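Engineer: Sequence plus the predicted model coming up.
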Amino acid sequence: MKIKDTNLNYTLNVVCRWVVGLVFLFSSFVKGVDPLGTVYKVQEYMTAWSIGSLTFEWALPLAGVLSCALICAEFVVGVLLITNSYRRLTAWLLALMMLFFTVTTFVDALSNKVTDCGCFGDAVKLTNWETFWKNIALDVPTVWIILTWHLRPKRRFERDCIILVAAVAVMLVFCIYNIKHEPVIDFRPWKIGNKMIEEREAMNHMTFKNLASGEEVTVDYPNGGWNEVPEEYKDFEKWEIVSSTSDEPFELKADGFSMMDMLNEDHAVDLIQAEDGLVIITIHSLDKMDAEGAEEMRLAQQLAEENGKQIVLLTSALPEEIQAWMYDNQVEGLDYLFADATAIKTMLRGNPGFMYVKDAVVVDKGRKAGELKIEN
């Protein structure tokens with residue numbers, strides 16, 4: 001049945017187009033700000049997903065192209081919806097994209113193989129089920145857009161062509177710029193100006209066991225607060241201490257981040273909150289390092305030495321690999337620590353990347369050592 005061209009139906013069409021269009025524009029923008037983050041997410045899907053014996057790891061080299069294509073497609077559809085351009089084509093592109101998103105997020109919610117779909121980049125984090133129901137909510141106006149694309153027909157081919165070409169060009173240039181540089185808007189924890197360590201009240205956790213019944217009770221109390229433990233548990237003829245643990249007085253605001261040495265000791269908290277400042281070089285993929293990257297690292301060493309700053313290399317490579325690479329590339333006298341590749345990518349997209357932190361605050365970061373602002 002064909003929907004009649006009434007004021008109400010057309011008004012609903014306009015509202016639906018703007019709602020879905022704005023969501024698509026926001027989604028594409030926050031991904032376009034950080035295209036490499038989208039690349040990593042696509043690679044995560046390719047690695048985690050399979051259909052029977054069919055895997056998708058063969059497509060990993062295409063992740064960059066597919067990510068930019070997805071971002072551009074979302075942006076273009078959002079622009080076309082809001083400007084009411086290429087209405088029939090836009091309606092069917094929207095239908096195909098929403099079908100793909102809805103099915104993908106439903107399977108993802110059931111399997112939980114990828115815990116965060118990355119639909120809103122690092123700006124807004126949703127669970128898999130939240131993402132699925134978000135798509136279901138968008139499916140409702142999508143159906144109305146498909147049913148009413150024909151209302152108030154107008155021929156404006158030249159205008160629509162200009163809008164389409166401009167939308168593709170704008171987002172493509174935006175993506176390329178953010179691939180070449182650190183994101184212009186940083187939604188990650190390691191944003192310039194962020195304080196990465198928070199002091200908190202250290203709590204003790206002591207577990208007591210009843211000698212008669214075997215019952216175990218855990219009591220929480222602050223450091224130096226033994227007097228706050230109920231008196232009954234201090235009767236050691238009835239209770240014995242099974243275990244005792246204490247919280248760290250500092251909390252690092254980056255989940256899964258560490259700076260491990262060869263003895264598997266974590267130095268992250270001590271180094272990040274160094275009062276004299278610390279220059280950090282990151283390498284998340286040693287295979288992708290080149291001569292230019294090695295030269296930037298030597299420059300970073302020189303700048304740190306001139307400014308009297310400690311410098312450390314943070315890498316996900318194996319000890320023997322990084323030692324051999326540093327020797328081959330004449331990067332000498334550089335202390336190195338180890339971290340998970342994903343944590344390093346979250347910290348800096350560049351390979352290598354450069355960061356200066358002081359008193360646990362991210363002062364500056366980037367992909368060129370010479371552009372790094374080091375405060376005295």
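Structural biologist: Cool, the structure landed.

Engineer: mind checking how far the closest residue to Gly118 other than its chain neighbours is from Lys191?
Structural biologist: Distances taken as Cβ to Cβ, 6 or more residues apart in numbering put Lys41 closest to Gly118, at 3.8 Å, once the chain neighbours are dropped. Bear in mind the C-beta positions are built from the backbone N, C-alpha and C, glycine included. Lys41 sits 19 Å away from Lys191, going by Cβ to Cβ, to the nearest Å.

Engineer: of the two, who's got more company?
Structural biologist: More neighbours surround Lys41 than the other of Lys41 and Lys191, with 20 against 14 (other Cβ atoms under 10 Å).

Engineer: My guess is the more buried one contacts Cys117. True?
Structural biologist: Yes - Lys41 is in contact with Cys117 according to Cβ atoms under 8 Å; the separation is 7.5 Å.

Engineer: Can you read off the backbone torsions of the residue nearest to Gly118?
Structural biologist: As for Lys41, its main-chain torsions (degrees, to the nearest 10) stand at phi -70, psi -40.

Engineer: residues contacting it?
Structural biologist: 67, 114, 116-118 (Cβ atoms under 8 Å, 6 or more residues apart in numbering).

Engineer: Can you give me the pLDDT of it?
Structural biologist: pLDDT for Lys41: 87.

Engineer: what do you get for Phe157?
Structural biologist: At Phe157 the predicted local confidence, pLDDT, stands at 84.

Engineer: for Trp18, same thing?
Structural biologist: According to the prediction, Trp18 has pLDDT 96.

Engineer: for the closest residue to it other than its chain neighbours, helix, strand, or coil?
Structural biologist: Computed as Cβ to Cβ, 6+ apart, the closest residue to Trp18 that is not its neighbour in sequence is Ile82, at 6.1 Å. Applying DSSP: H, G, I helix; E, B strand; the rest coil to Ile82 yields a three-state assignment of helix.

Engineer: cool, and Glu251?
Structural biologist: Look at Glu251: counting by three-state DSSP, its state is strand.

Engineer: was I right about it contacting Ile197?
Structural biologist: Yes - checked against Cβ under 8 Å, the pair Glu251 and Ile197 is within contact range at 6.9 Å.

Engineer: Quick check: neighbours shared by those two?
Structural biologist: A shared contact of Glu251 and Ile197, defined by Cβ under 8 Å, 6+ apart, is any residue touching both; here there are none.

Engineer: picking up where we left off before, buried subset of the contacts of Lys41 as a PyMOL selection?
Structural biologist: Only the buried members of those end up in this PyMOL selection, burial being decided by 16 or more other Cβ atoms under 10 Å:
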select buried, resi 67+114+117+118
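
Engineer: just curious, which of the contacts of Lys41 is nearest to Thr218?
Structural biologist: The closest of the contacts of Lys41 to Thr218 turns out to be Asp116 (Cβ to Cβ; 32.0 Å).

Engineer: right, and the closest one touches Leu126 too?
Structural biologist: Yes - between Asp116 and Leu126 there is a contact under Cβ under 8 Å: 7.5 Å.

Engineer: In stretch 124-142, which residues are buried?
Structural biologist: 126, 128, 131-132, 134-135, 138, 141-142.
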